[in-house]
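**Student:** could you work out the structure for the sequence below:
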Amino acid sequence: MSVLLEIEDLETFYGPSQVLFGVSLRVEEGQVATLLGRNGMGKTTTVRSIMGLTPARKGRIRLAGRSIETLPPEQIAALGVAIVPEGRQIFPNLTVEENLIAFAAQRKQNPRPWTLARIWELFPALKARRNNLGHQLSGGEQQMLAIGRALMTNPRLLVLDEATEGLAPLLREEIWRVLRLLKEDGQTILVIDKYLERLLSLADQHHILERGRVVWQGDSQSLKARPEVWRQYLSV
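**Tutor:** Model prediction:
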């Protein structure tokens with residue numbers, strides 16, 4: 001596999017306060033990778049740096065070998081990085097269909113691109129509400145729409161920040177079902193979530209952050225075998 005995302009020695013600040021201290025990680029094409037850690041440990045800041053929303057002060061971020069750490073967010077998105085942000089951030093006064101069409105693009109010349117028809121197949125509940133406004137959807141439906149909107153850009157890298165946060169159990173299961181299907185389809189995914197058992201069965205590689213540093217990384221089998229790591233860095 002070729003490396004799609006590579007981060008080396010990333011340092012990011014909010015004003016004078018340093019949040020990331022030399023973060024390094026790699027995500028290969030077709031992999032599902034995680035960022036794990038307690039709240040406030042730098043996971044979302046890492047994502048914001050990847051997206052150019054909180055630019056790195058030091059270090060390198062490469063997408064398919066191209067340095068992107070100095071690019072603005074719109075250029076990073078145009079290169080094929082799509083985010084499902086925490087809080088969903090859909091357009092409340094556009095219909096479901098309009099939310100999806102507004103982001104349609106062919107980012108990676110996908111031979112089987114994401115279209116409205118494919119989104120309706122993936123999320124039948126959205127098809128049934130295609131003419132509803134964003135603010136008329138439930139939280140779970142809004143999350144489906146946020147994922148569908150990101151997929152409509154046909155991204156090379158799909159980033160999900162707390163995609164199952166605040167959802168009822170049945171709706172969480174729907175999101176996990178979709179992520180498994182996307183993995184089977186070869187989509188490269190970087191995901192932040194707290195449901196470790198689900199992530200162990202889904203992801204190929206895990207990266208644990210503690211106070212802005214990567215303190216452990218490895219595959220699911222290795223993480224399953226290290227319950228002491230869970231207790232030290234992931235338990236509340």
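
**Student:** ok, and the closest non-adjacent residue to Ser67?
**Tutor:** Setting aside the residues directly before and after it, Ser67 is nearest to Arg60 in space (Cβ to Cβ, 6 or more residues apart in numbering), at 6.0 Å. In this view, the C-beta of every residue, glycine as well, is placed from N, C-alpha and C.

**Student:** give me the number of residues near that neighbour?
**Tutor:** A total of 15 residues lie near Arg60 under the criterion other Cβ atoms under 10 Å.

**Student:** who does the helix or strand hosting it touch, helix- and strand-wise?
**Tutor:** Secondary-structure assignment from DSSP states H and E places Arg60 in strand 58-63. Counting contacts by 3 or more Cβ pairs under 8 Å, 6 or more residues apart in numbering; DSSP states H and E, strand 58-63 is packed against strand 3-14.

**Student:** for the strand it packs on, list the C-alpha coordinates in CSV.
**Tutor:** Written as CSV, here are the backbone C-alpha positions of strand 3-14 (Å, rounded to 0.1, in the frame of the first residue of the first chain):
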residue,chain,number,x,y,z
VAL,A,3,1.0,6.2,2.1
LEU,A,4,-1.8,8.7,1.7
LEU,A,5,-1.4,10.8,4.8
GLU,A,6,1.9,11.4,6.5
ILE,A,7,2.4,13.7,9.5
GLU,A,8,5.9,14.4,10.8
ASP,A,9,6.8,16.2,14.0
LEU,A,10,3.7,18.4,14.0
GLU,A,11,3.6,21.3,16.4
THR,A,12,0.4,23.4,16.6
PHE,A,13,-0.4,26.4,18.9
TYR,A,14,-3.5,28.3,19.8
